[in-house]
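[1] Next input, structure requested:
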Amino acid sequence: MRVLIMGAAGRDYHDFNTVFRGREDVEVVAFTQAPGQNLGELETTNERYPASLAGDGYPDGIPIEPEARLEELIEEYDVDEVVFSYSDVSFEHVMTAASRVESAGADFRLLGPEVIQHSLEVPVLAVDAVRTGCGKSQVTRGLADELDNRGYDVAIVREPMPYGDLEAKRVQRFADREDLKDITIEEREEFEQHVDRGHVVFAGVDYAEVFEAASREADVLLWDGGNNELAFAEPDLHVVLVDPLRPADTTGYHPGETNLRRADVVISNKENSADEGAIEDVESTVESVAGPVDIWHADSVVTVDDPDRIEGASVLVVEDGPTLTHGDADYGAGTVAAERFGAAERVDPRPGAVGTVAETLSEYPRLDRILPAVGYSEEQVADLEATIDAANADCVLAGTPHDLEAVVDVSVPIVRAHYRVEFHDGDFGDFLDAYESELFAG
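    Take a look at the predicted model:
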């Protein structure tokens, strides 16, 4: 059987490694790269999945082609089956892809958790979501801190973002700021705060080896799922976040609804910013889809390092890029902080936007006076710096999770906004009290 894998530089490679690598009855003839995904915006793209990772039967590796060529590739490679392997897309998006595949003469397939998840001896606590930007990393940080306080050795495993040299990133380990110096802004957004709190983060390309390396250092693994991706290991406790600021997105996105249907515990986050009706709608949807699971209600609490600098100031808000772009959120922590701490105005970054940043802003016209933290290459970071300086604001209010000041060199001061998850009834200690025995039952 001849297989093509539709991906976005992450789950696609995991699916190949876990399900197809080493099989004599299957030849994976190509990967396709989704349009608009970050890999395509890097200075260096991988045109082939390397032979060293692909294994026997692939002496020249596996081609990586634009998804725009999907139908042409199905004919060119005489493809029997196309596997869809990327996340945080609408059901309409998935079925449009299926229609393209079927009309070109191939079968269309989704791989479920049972075949892509590794079974580990070390306990796994998985934190997933129905969409990107629900607050997974904040929950993971709180759980990691509490497990650490209880004397457990914790390792965090992140969903892959292997931009650049795939072989060099086969297994990635981030333990301090020095390990973060050559990675993209998106990666820093996900890794940095874990590292700053003393937690080691693992990621990479080959998750059999990633999990093996993480398990050597830990009593428990915390899966911090990117976007709304499935966990790559069988969870002993599966926590899934929903977002009442986007109540309509509780279902209808792949594979977020799968996560919700398989949840052991659900956290409804950001309720301090949501309408009561939206909160009730989300809770009703959870109950109808996930069944009788525990629902923990929580707030996303925003603070800033220097509130006096915000009050009465003209601020340029820089937000977490993937939450606004991939996640379709209208705003983030920076916007909340600007309103909460009395900014006089939020500056529109569009008039001074340049290059790739201007292209991103034009692609997302719904964003109002917000600059996504776009920086997947040196060119994009330079464009981000130029756009910030051109905005002529009193200060930058950075709602992105990483330390923006460590990445950009700009003339305007940067004030950092932070956000954390606080439960309505109890704290992370109470949460673990409720589920610790379940997590470590095996």
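
[2] Could I get the full set of strands for the stretch 301-442 of the chain?
    Assigned by DSSP state E, counting those that start in this stretch, the stretch 301-442 of the chain shows strands spanning 314-319, 345-346, 371-372, 395-398, 414-423.

[3] what do you get for the stretch 101-250 of the chain?
    Applying DSSP E, counting those that start in this stretch to the stretch 101-250 of the chain gives strands spanning 107-110, 124-129, 154-158, 171-174, 200-204, 220-224, 237-242.

[4] Pick out the shakiest of the strands of the stretch 301-442 of the chain, pLDDT-wise.
    Among the strands of the stretch 301-442 of the chain, strand 371-372 has the lowest mean pLDDT, at a mean of 89.

[5] okay, now the domains of this protein?
    Using automatic domain parsing, the domain parsing of the chain gives 2-111, 117-300+422-439, 304-419.

[6] what separates the first one from the chain centre, distance-wise?
    Meaning domain 2-111. From the chain centre to the centre of domain 2-111 is a distance of 20 Å (Cα atoms, centre = their mean, to the nearest Å).

[7] Repeat that for the longest one.
    A distance of 10 Å separates the centroid of the chain from that of domain 117-300+422-439, by Cα atoms, centre = their mean.

[8] Need the distance between the two termini of that domain.
    Taking Cα to Cα, to the nearest Å, domain 117-300+422-439 runs 17 Å from one end to the other.

[9] before we move on, what about stretch 56-68?
    29 Å.

[10] now it: mean pLDDT?
    The average pLDDT for stretch 56-68 rounds to 95.

[11] one step back: kindly reformat the strands of the stretch 101-250 of the chain as TSV containing mean pLDDT.
    TSV is the format used below for those (pLDDT from 0 to 100):
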stretch	mean pLDDT
strand 107-110	98
strand 124-129	98
strand 154-158	97
strand 171-174	96
strand 200-204	96
strand 220-224	96
strand 237-242	98
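
[12] can you tell which of the ones you listed is closest to Asp88?
    Smallest distance to Asp88 across the strands of the stretch 101-250 of the chain (Cβ to Cβ): 9.1 Å, for strand 124-129. Just so you know, the C-beta spots here come from the backbone N, C-alpha and C atoms, and that holds for glycine as well.

[13] Other residues contacting the closest one?
    The contact list for strand 124-129, computed with Cβ atoms under 8 Å, 6 or more residues apart in numbering, reads 135-136, 139-140, 143, 147, 220-225, 227-231, 233-243, 256, 259, 263, 439.

[14] Drop the exposed ones from those residues and show what's left.
    135-136, 139-140, 143, 147, 220-225, 227-231, 233, 235-243, 256, 259, 263, 439 (16 or more other Cβ atoms under 10 Å).

[15] What separation do you get for the closest residue to Ala398 other than its chain neighbours and Ile64?
    Leaving aside its chain neighbours, Ala398 sits nearest to Leu404 (4.2 Å; criterion: Cβ to Cβ, 6 or more residues apart in numbering). Plainly put, Leu404 is 31 Å away from Ile64 if you go by Cβ to Cβ, to the nearest Å.

[16] Skip the chain neighbours and tell me the closest residue to the residue of the chain positioned farthest from its centre.
    For the chain, the largest distance from the centre (Cα atoms, centre = their mean) belongs to Gly312, which lies 33.9 Å off. Excluding its sequence neighbours, the residue lying closest to Gly312 (Cβ to Cβ, 6+ apart) is Ala344, at 5.1 Å.

[17] Check Gly10 too.
    Nearest residue to Gly10 in three dimensions, chain neighbours excluded: Pro160, at 4.0 Å (Cβ to Cβ, 6+ apart).

[18] Pull up the per-residue confidence for that neighbour.
    Predicted confidence (pLDDT) for Pro160: 86.

[19] Contacts only, for it.
    By Cβ under 8 Å, 6+ apart, the contact set of Pro160 is Ala9, Gly10, Arg11, Tyr13, His14, Ala203, Gly204, Val205, Tyr207, Gly226.

[20] Which residues outside the one helix or strand in the chain whose mean pLDDT sits lowest are in contact with it?
    Lowest on mean pLDDT, DSSP states H and E among the helices and strands of the chain sits helix 321-324, with a mean of 76. Outside of helix 321-324, the residues within contact range by Cβ under 8 Å, 6+ apart are 132-133, 185-186, 189, 227, 329-332, 364, 367, 370, 372-375, 400.

[21] Ignoring the adjacent residues along the chain, who's closest to Leu147?
    Of all residues not flanking Leu147 in the chain, Val154 sits nearest, at 4.9 Å (Cβ to Cβ, 6+ apart).

[22] on that earlier part again, let's have the strands of the stretch 101-250 of the chain in JSON lines, adding distance to Ser411.
    JSON lines is the format used below for these (distance: least, Cβ to Cβ, whole Å):
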{"stretch": "strand 107-110", "distance to Ser411": "49"}
{"stretch": "strand 124-129", "distance to Ser411": "37"}
{"stretch": "strand 154-158", "distance to Ser411": "33"}
{"stretch": "strand 171-174", "distance to Ser411": "30"}
{"stretch": "strand 200-204", "distance to Ser411": "32"}
{"stretch": "strand 220-224", "distance to Ser411": "35"}
{"stretch": "strand 237-242", "distance to Ser411": "38"}
